[in-house]
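K.L.:
I'd like to go over a predicted model; first the sequence, then the structure.
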Amino acid sequence: MNVSFESDFSMAALQIVCFGDFQVTLAGTPVTAFQTEKVRALLAYLAVEGRVHRRSELAQFLWSGYSKESARNSLRQALHQLRQLLPNGDAQPPWLLVTRQSVQLNPDAPIYGCRRLHATAGRMHKPHAWRAQHL
């Protein structure tokens with residue numbers, strides 16, 4: 001699927017392609033060093049959903065067979081790995097907004113791809129259907 005992005009797309013942008021082969025580009029450079037499929041799934045889910053998620057819900061969603069403590073630890077590790085893949089450096093605003101309670105891709109950051117398509121196409125998947133397809 002070819003997508004035409006608005007003219008404000010810049011080389012400092014994060015581009016996430018969720019349809020077809022999952023691809024991530026940061027400042028024009030492909031991001032491919034995902035340590036696990038769960039890290040990739042976390043980024044894709046945040047991009048497609050485009051909203052604030054409670055950490056506890058994300059942990060149980062992505063690590064549903066784990067204890068709550070183990071799922072929270074796994075989410076913490078995945079977020080750490082995601083921050084390493086998407087360093088903020090000079091990025092203002094930052095790519096990720098993470099608090100002790102919530103996680104989201106920053107809606108004010110120059111992120112193109114899934115979220116913009118999702119906003120125009122409407123809700124594409126229910127969470128349980130998304131999980132079945134991507135995990």
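P.N.:
Ah, there it is.

K.L.:
work out which residue lies at the spatial centre of this structure.
P.N.:
Centroid-nearest residue in the chain: residue 43, 2.3 Å away (criterion: C-alpha atoms, centre = their mean).

K.L.:
would you agree that one is in contact with residue 18?
P.N.:
No - the pair residue 43 / residue 18 is not scored as a contact, 9.3 Å apart, by C-beta atoms under 8 Å. C-beta here means a position set from N, CA and C on the backbone, and glycine is covered the same way.

K.L.:
spell out the residue ranges of the strands in this protein.
P.N.:
According to DSSP state E, the chain carries its strands in the segments 14-17, 23-26, 29-30, 53-54, 96-98, 102-105, 111-113.

K.L.:
quick one: closest of these to residue 38.
P.N.:
strand 102-105 (13.6 Å; C-beta to C-beta).

K.L.:
all helices of the chain, in order?
P.N.:
Ranges of helices within the chain are 37-49, 55-62, 68-85, 114-121, 127-134, based on DSSP state H.

K.L.:
how about TSV for these, with mean pLDDT added?
P.N.:
Output for the helices of the chain, formatted as TSV (pLDDT from 0 to 100):
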stretch	mean pLDDT
helix 37-49	92
helix 55-62	96
helix 68-85	95
helix 114-121	50
helix 127-134	47
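
K.L.:
for those, which one ends up most surrounded?
P.N.:
Neighbour counts (mean count of other C-beta atoms under 10 Å) averaged over each of the helices of the chain peak at helix 37-49, with a mean of 21.

K.L.:
circling back to that earlier point, tell me which of the helices of the chain sits nearest to residue 99.
P.N.:
Closest approach to residue 99 among the helices of the chain (C-beta to C-beta): helix 55-62, 8.2 Å.

K.L.:
tell me what that closest one is packed against?
P.N.:
Packing partners of helix 55-62 (3 or more C-beta pairs under 8 Å, 6 or more residues apart in numbering; DSSP states H and E): helix 37-49, helix 68-85, strand 102-105.

K.L.:
closest to residue 62 out of these?
P.N.:
Nearest to residue 62, of the helices and strands packed on helix 55-62 and by C-beta to C-beta, is helix 37-49 at 5.8 Å.
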